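1. Here is a sequence with its predicted model. Questions after.
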Amino acid sequence: MNQHNRLSPFPSRILERKLLTGGESTKKTYHLSLDLAGSGIAYAPGDSVAILPENDPLEVDVFLKAAGCSGNEEIVDSRSQERLSLRSYLLRKANLQKPSPALLKMLQTPSLPGEEQTPAEWLLSAPNAPFCYHEIPSLLLPLLPRFYSIASSQHLFPDEVHLTIAHVSYLSSKGKLRYGVGTHFLCDRAEIETTEVPLYLQPSHGFKLPSDPNASIILVGPGTGIAPYRAFLQERLYKKTQGRNWLFFGERHRKHDFYYADFWLSLEKQGRLRLDLAFSRDGARKIYVQHRMWENRKDLWEWIEEGAFFYVCGDAKEMAKDVEAMLQKIAADQGGLSEEDARRKIKELRAQKRYLADVY
Ligand SMILES: Cc1cc2nc3c(=O)[nH]c(=O)nc-3n(C[C@H](O)[C@H](O)[C@H](O)COP(=O)(O)OP(=O)(O)OC[C@H]3O[C@@H](n4cnc5c(N)ncnc54)[C@H](O)[C@@H]3O)c2cc1C
Ligand SMILES: NC(=O)c1ccc[n+]([C@@H]2O[C@H](COP(=O)([O-])OP(=O)(O)OC[C@H]3O[C@@H](n4cnc5c(N)ncnc54)[C@H](OP(=O)(O)O)[C@@H]3O)[C@@H](O)[C@H]2O)c1
């Protein structure tokens, strides 16, 4: 029974956090194992968890200073009607990254605010702003849950959930180092076995293994898009299913960024997995997963025509669209279809739930 939700999350803790990227990698991606013992949470491959992160206490201090508050003030969260200290509210419930329309209205700012300014920076730029501390919850946006694809099968890890998380960091236009709230909490700030990590299950909407154990699956997942496929393959191995498995994985460098390499390579060695890799920054020209799909178009189309399920997971902005365009191109090339018919073919695959996407 999954009785936990956003209002009543399970207080989990991180059991293990391992860097998946090598020391010289240009990114930091982690494998996390979280404790589910006693939670009653039952998950299936393809599901995600929602994590309720905590803001960085340093950012809370910056906001409190800008607002002229100590943090000990008692306030009522206008959304949940909960009474709590202003500091707790700012830590767990407030979006301290993005200003709300209500805050900008109160500050009477021009209609096109500097998009990267935080609420604290806005307050600092208007020191005489007319507001009282108890209005703060109505002046800030809520801190939203962050979703992560589950990277484990519960048959193998009954009391754990595994995640694959890319630590988001970037420089603001003013050259300031900024971190993603959720990933900084999970990958850096939360202490192993100590810090409470509130979470609940977010069941997938159809992104799941075929019920037919003999069905073939084609998995396209560059970057953290690999996460649900680790769960898929663990589950299929546990259940000793006979269906064929084919993975297209891509990252920047083979040497530093081949996540879970031992697992995939050993499956390939055992003949349980066909594996195609695209390391984008190892050569003179970028190689992406869709290029590997094209190189293997004959087999790929045969698998689809024989009933294989096609999955894509990871970046929604570019990758997922390019992968779909490539599958359409392969349909036209190998199926001898017009552009229009190839488009219709992909639409049919979607309708048959044989083209499944989980992108973000
Ligand atoms: C169903 C689902 C499954 C997901 N699964 C995974 C998963 O398995 N692994 C995973 O790592 N993520 C996954 N995500 C994404 C995840 O939920 C978060 O969105 C992601 O981790 C970023 O969260 P954050 O709180 O760290 O960043 P936030 O605090 O939300 O910050 C992200 C924001 O930072 C800004 N930003 C980021 N980079 C830059 C840049 N270079 N320049 C300027 N601004 C920038 C942008 O405004 C961006 O919107 C999934 C999302 C969904 C919806
Ligand atoms: N806003 C940003 O600048 C930024 C940067 C990184 C990640 N992200 C986001 O962070 C999340 C996690 O990213 P991630 O770590 O999972 O991996 P990712 O950044 O999506 O990259 C994984 C691999 O996919 C490649 N790639 C880039 N564009 C592609 C395309 N159009 N088609 C196919 N492959 C492509 C990358 O190559 P190259 O990087 O060599 O091109 C890399 O080898 C994603 O939501 C992503 O959108 C944002």
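-> Yes, it's here. Ligands and ions are numbered 1, 2, ... in the order given.
2. Would you mark the buried spots in stretch 200-219?
-> Within stretch 200-219, the residues scored as buried using 16 or more other CB atoms under 10 Å are 200-202, 204, 207-210, 215-219. Heads up, the C-betas are built off the backbone N, CA and C, glycines and all.
3. correction: stretch 267-278
-> Neighbour-count burial for stretch 267-278 flags 267, 273-274, 276-278 (criterion: 16+ other CB under 10 Å).
4. what do you get for stretch 305-315?
-> 308-315.
5. ok, that stretch near ligand 2 or not?
-> Yes: applying CB under 6 Å from any ligand atom, one finds stretch 305-315 touching ligand 2 at 314-315.
6. Helices - which of the buried residues of stretch 267-278 land there?
-> If you go by DSSP state H, the buried residues of stretch 267-278 have residue 267 in helices.
7. closest to residue 341 among the buried residues of stretch 267-278?
-> Lowest distance from residue 341 to these (CB to CB) belongs to residue 276, with 26.4 Å.
8. In contact with that closest one, which residues?
-> Contact criterion CB atoms under 8 Å, 6 or more residues apart in numbering gives 246-249, 289, 292-293, 295-296 as the residues in contact with residue 276.
9. go on, residue 308?
-> 215-218, 244, 246, 354.
10. please redo it, this time with the cut-off set to 7 Å
-> By CB atoms under 7 Å, 6 or more residues apart in numbering, residue 308 lies in contact with 216-218.
11. I'd guessed residue 44 sits against residue 206; true?
-> No: proximity of residue 44 to residue 206 does not meet the contact threshold set by CB atoms under 7 Å, at 11.6 Å.
12. Show me which pair in the buried residues of stretch 200-219 is furthest apart.
-> Most distant of the buried residues of stretch 200-219, by CB to CB, are 200 and 216, 33.0 Å apart.
13. Just put the buried residues of stretch 305-315 in TSV and tack on pLDDT and secondary structure.
-> Formatted as TSV, the buried residues of stretch 305-315 follow (pLDDT from 0 to 100; DSSP: H, G, I helix; E, B strand; the rest coil):
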residue	pLDDT	secondary structure
308	98	coil
309	98	strand
310	98	strand
311	98	strand
312	98	strand
313	98	strand
314	98	strand
315	98	coil
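14. what's near enough to touch the most centrally placed residue in the chain?
-> The residue lying closest to the centre of the chain (CA atoms, centre = their mean) is residue 148, at 4.2 Å. Listed by CB under 7 Å, 6+ apart, the contact set of residue 148 reads 48-49, 51, 163, 165.
15. Point out the residues in the stretch 151-300 of the chain that sit beside ligand 2.
-> 166, 222-225, 250-252, 280-281, 286, 288-290.
16. repeat that for 8 Å
-> Within reach of ligand 2 by CB under 8 Å from any ligand atom, the stretch 151-300 of the chain has these residues: 166, 168, 170, 222-225, 250-252, 257, 278-281, 286, 288-290.
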